[in-house]
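Chemist: got a structure for you, letters missing:
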């Protein structure tokens, strides 16, 4: 019994990508923007992982029983990209903490107002 | 020195020294280590450039794993030239940084500043030498993440929001870049830039490759601050610590332009996308808009760092204009302006850093009377300003001359007129600062303003001197730019 999922993964990628991108653009809350950015990046992770998957393939283990296996390269690449994503999120959130200390707000419109008042 | 490991040492040295700086508790030892490392990297980059000029492209396999499975560094003329620009500016701004950082950043954060500086340098150098599309992404993120931190180290709270905005935009750009690389991998099964170049023509017409090209171009354009994707840049440059502005303005956007050249010409060169997909036309229109809109906005700025930041956007326009013509002269105009703009903007931002140190402000009013109070600094500012305008005997003239030549070669004389017109706008914004500095008296409450310390004046004048020297004797730099352009178009040495 096998179900043909077709391009299902890629539809999910596109939906996640657009949803994340929309949140980054439309949200005024700095923390939510970072969340949006994460969703956006996760869509790319799913994209790479789907790309390397071979139908019916096993994990690429050195064993006589394994003849058909998925392409490990995109999976390894995306591990690197995940690490970069984690670092970006951590740095972004650290910046938000300091922005809150400095402005007392994490709302973009309020911060913009404070910045316009502070013309030196 | 002909060790085969020079190319990798140049990148690994700053990367590995960065953690040592992080564990140091005082600024001085961290600065000393960083100084030795950056100058060594600069020397290595120069050695690599001479080697490349004499013996052609260097190919270095990391860990001796042969490409395309392993990552290879492939250093041709333009890559070696970029490495020299990046490490040279890095070495000079590090020499400049000690006094400037002592003035602008608290004691406990100083070692962290040098850590981030070294990481950023390693990332930018890595981009210049790597021959692997995914490795390039990793270096791009190393340099970007560290530059977000560098910007946020400033004491002005607006630096935090500037760094945050840069982080959001930069990450979107980098993510677009990996989407593009992923799509390319799907179609060609390789990440090695040279292999990609060989395999792209077979699949060039497919929709996947076109989408990849779109993602790559937009992603990189975000990083290089091409109008209208530039919104992160002005505040990031205006509120970052002075040295950071010097370093980023002279290197970060330049390296992104280099990546664009790699993608458009090295990878997609045989498919001739710049003509086939009208990318050239789109880039040309955006470049022209950047030249005029950014220059006009620069005229109305009261903060000199912001003014120069907008001028940088306009200068990116000139570089992209050269690239968009896709002729040998056009691309070499772009490459030569990369180098020339790095040295003149470096000198200008260093001068502004000196003024900030002595007056505590970078507003235009703060420059009043500095022509007499800080004559050496202001003279360097004037040299840099003349170069921005493109006065003969400065590097700016060489850039614009080559660019106009390129425009006339393709018969596009309206472009030549537009280049000259936009230079007139540069006169206005440079004059705005120079007038205040030389024709207004020093306010009495600033009676104690002195010349900046020698350790800041020397690097500044070195760059200002370079912008005169290479403006008079441009044979070397133009030669490298021409050869690099020919190589990018696939008919060079």
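Modeler: On my side now, so go ahead. Because the structure is a prediction, the values reported are computed rather than measured.

Chemist: going by C-alpha atoms from here, please, whenever you check contacts or count neighbours.
Modeler: Noted.

Chemist: buried set for stretch B:25-33?
Modeler: Buried residues in stretch B:25-33, counted by 16 or more other CA atoms under 10 Å in any protein chain shown: B:26, B:27, B:30, B:31, B:33.

Chemist: let me fix that: stretch B:353-371
Modeler: B:353-359, B:361-371.

Chemist: repeat for stretch B:102-118
Modeler: B:104, B:109, B:110, B:111, B:112, B:113, B:114, B:115, B:116, B:117, B:118.

Chemist: got a list of what residue B:307 touches?
Modeler: Residue B:307 makes contact with B:297, B:298, B:299, B:300, B:301, B:429, according to CA atoms under 8 Å, 6 or more residues apart in numbering or on different chains.

Chemist: ok, 10 Å please
Modeler: If you count contacts by CA atoms under 10 Å, 6 or more residues apart in numbering or on different chains, residue B:307 has them with B:234, B:237-238, B:294-295, B:297-301, B:363-364, B:429-430, B:433.

Chemist: between those, which is nearest chain A?
Modeler: Using CA to the nearest CA, the shortest approach to chain A within the contacts of residue B:307 belongs to residue B:363, at 7.8 Å.

Chemist: so the closest one touches residue B:308, yeah?
Modeler: No - assessed by CA atoms under 10 Å, residue B:363 is found out of contact with residue B:308, at 11.9 Å.

Chemist: identify the contacts common to those two.
Modeler: B:301, B:352.

Chemist: what's the spatially most central residue of chain A in contact with, if anything?
Modeler: Centroid-nearest residue in chain A, with CA atoms, centre = their mean: residue A:41, separated by 1.9 Å. Residue A:41 is in contact with A:13, A:16-17, A:20-21, A:35, A:47, A:81-82, A:85, B:171-172, B:174-176, B:178-179, counting by CA under 10 Å, 6+ apart.

Chemist: go on, residue A:73?
Modeler: Residue A:73 sits next to A:48, A:49, A:51, A:52, A:79, B:69, B:189 when contact means CA under 10 Å, 6+ apart.

Chemist: ok, longest helix in chain A?
Modeler: The longest helix of chain A (DSSP state H) is helix A:72-103.

Chemist: quick one on the thing from earlier: of the contacts of residue A:73, grab the buried ones for ChimeraX.
Modeler: The following ChimeraX line selects those of these that are buried, judged by 16+ other CA under 10 Å:
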select /A:48,49,51,52
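
Chemist: point out the least confident one among the contacts of residue A:73.
Modeler: Ranked by pLDDT, these bottom out at residue B:69, which has 76.

Chemist: I figured it was touching residue B:63, is that so?
Modeler: No - look at residue B:69 against residue B:63 with CA under 10 Å: they stay out of range, at 11.3 Å.

Chemist: return the set of buried residues in the lowest-mean-pLDDT helix or strand in chain A.
Modeler: When each helix and strand of chain A is scored by mean pLDDT, DSSP states H and E, helix A:108-117 comes last, with a mean of 85. Applying a neighbour-count criterion of 16+ other CA under 10 Å, one finds residue A:111 buried in helix A:108-117.

Chemist: how distant is it from the center of its chain?
Modeler: Centre-to-centre, helix A:108-117 and its host chain are 28 Å apart (CA atoms, centre = their mean, to the nearest Å).

Chemist: and for that helix, what's in contact with it?
Modeler: Contact with helix A:108-117 is made by A:27-30, A:99-100, A:102-105, A:118, B:157-158, B:161, as judged by CA under 10 Å, 6+ apart.
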